[in-house]
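Asks: quick one: sequence and predicted model below, then my questions.
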Amino acid sequence: MGDALPPQHDTDLPASEAEIEELRKEIDRLDAEILAAVKRRSEVSQIIGRTRMASGGPRLVHNREMKVLERFSELGQEGHTLAMLLLRLGRGPLGR
Ligand SMILES: O=C(O)C(=O)C[C@]1(C(=O)O)C=C[C@@H](O)C=C1
């Protein structure tokens, strides 16, 4: 990941045009990975939810949701928002 590039530090000069191009490619690759992971996460979450409800269980599991929120809280308030969105995506169209 990014091993063709020199180490980057906050004090470095801005990246060259060529480096910007490489970095944008890295962003494009990361976005594709993130999108695939979010789609899969939503599928898995919906499978669990449907299975639980089919056997009479609750739609939501509070302590699991707390764990997800905690996990993303290292990113601060935006991490909390991101975790909430992931949980909403997992609920599917009926859960919003
Ligand atoms: O872990 C579960 O039991 C799930 O149903 C998954 C999940 C999630 O998306 O993380 C979704 C809904 C629940 O309220 C808690 C967690």
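Replies: Thanks, I have the structure now. Computed from a prediction, not measured in an experiment: that's the story for all the values here. Numbering: from 1, shown residues only.
Asks: now the helices for this protein?
Replies: 17-54, 62-72, 76-91 (DSSP state H).
Asks: name the helices or strands packed onto the longest one?
Replies: Which is helix 17-54. The contact analysis (3 or more C-beta pairs under 8 Å, 6 or more residues apart in numbering; DSSP states H and E) places helix 17-54 against helix 76-91. Bear in mind the C-beta positions are built from the backbone N, C-alpha and C, glycine included.
Asks: give me the contacts around the helix it packs on.
Replies: 38, 41-42, 44-46, 49, 59-60, 65, 68-69, 71-73, 75, 95-96 (C-beta atoms under 8 Å, 6 or more residues apart in numbering).
Asks: next, format the helices of the chain as a markdown table and append mean pLDDT.
Replies: Formatted as a markdown table, the helices of the chain follow (pLDDT from 0 to 100):
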| stretch | mean pLDDT |
| --- | --- |
| helix 17-54 | 97 |
| helix 62-72 | 98 |
| helix 76-91 | 96 |
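Asks: can you redo those helices as JSON lines with distance to the ligand and mean neighbour count?
Replies: Compiled in JSON lines, the helices of the chain are given as follows (distance: least, C-beta to the nearest ligand atom, whole Å; neighbours: other C-beta atoms under 10 Å):
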{"stretch": "helix 17-54", "distance to the ligand": "3", "mean neighbour count": "12"}
{"stretch": "helix 62-72", "distance to the ligand": "4", "mean neighbour count": "12"}
{"stretch": "helix 76-91", "distance to the ligand": "3", "mean neighbour count": "14"}
